[in-house]
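S.K.: Provided below are the primary sequence and the corresponding predicted coordinates.
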Amino acid sequence: MKPKDVEDLVCAMLNRIVEGKDIEIVDVMFDKEGGQWFLRVYIDCPEGVSMDDCTFVNETLGKELDALDPIPHSYVLEVSSSGEKPLRKESDYVRFSGRKVLINTYMPVNGMKSLEGKLLGLVDDVIKLEIHGETVSIPMSKVSQARLVVEIQELGGGDMVGIDDSPGDEEG
């Protein structure tokens with residue numbers, strides 16, 4: 001079975017699995033990396049994706065795939081939040097309008113090949129991005145890669161969530 005056929009089959013299975021639940025299937029990808037096959041399922045929920053949401057989809061899909069056995073070789077099933085989801089379809093650019101994205105281009109746009117900003121949408125195969133208050137137009141034909149950016153949310157009191165990657169008190 002071709003990777004695209006696996007993705008289509010899994011999408012159909014997932015649509016049945018999440019029917020009536022507040023879980024949306026954002027993307028399904030079946031890829032080979034370093035000799036290992038990965039079946040990746042990206043989900044989203046109105047109130048954010050919980051571990052329980054991922055576990056439910058993983059376990060239910062896993063059981064159905066085991067029963068049907070459509071993939072003749074080993075693979076790793078991963079279910080996660082759409083987080084830094086790649087934008088692959090035109091509908092993604094409309095759906096995620098208002099979200100922060102990172103777009104890499106084959107050729108410079110406004111002197112840059114990597115642009116990060118607020119996605120305003122897609123009009124006539126041109127992505128509209130707001131960067132520092134200005135609208136930038138990026139033709140789809142120039143896009144090599146685009147993805148959502150996970151933003152760190154502010155906590156009460158203006159504190160930011162962060163990771164301390166300093167070396168600590170060690171000398172050397």
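M.R.: Happy to help now that I have it. These numbers come from a predicted model, not from an experiment. Numbering: from 1, shown residues only.
S.K.: List the buried residues of the worst-scoring helix or strand of the chain on mean pLDDT.
M.R.: Lowest on mean pLDDT, DSSP states H and E among the helices and strands of the chain sits helix 90-95, with a mean of 85. Of all the residues in helix 90-95, those buried under the rule 16 or more other Cβ atoms under 10 Å are 92, 93, 95. The way it works is simple: take the backbone N, C-alpha and C, and place the C-beta from them, glycine included.
S.K.: now stretch 127-145
M.R.: 127, 128, 129, 136, 138, 142, 143.
S.K.: and the first one, what are its bridge partners?
M.R.: Beta-bridge pairing for residue 127 (DSSP bridges): residue 122, residue 138.
S.K.: quick one, domains of this structure?
M.R.: Following automatic domain parsing, the chain resolves into domains at 3-81, 90-148.
S.K.: End to end on the shortest one, go ahead and measure it.
M.R.: Looking at domain 90-148, the gap from its leading to its trailing residue is 14 Å under the measure Cα to Cα, to the nearest Å.
S.K.: Please report how far residue 66 lies from residue 75.
M.R.: 12 Å (Cβ to Cβ, to the nearest Å).
S.K.: Those two: who's more crowded?
M.R.: Using other Cβ atoms under 10 Å as the criterion, residue 66 and residue 75 rank with residue 75 on top: 16 against 8.
S.K.: Now that one: closest residue in space that isn't a chain neighbour?
M.R.: residue 37 (3.8 Å; Cβ to Cβ, 6 or more residues apart in numbering).
S.K.: Surely the one you found and residue 78 touch.
M.R.: No - using Cβ atoms under 8 Å, residue 37 makes no contact with residue 78, being 11.1 Å away.
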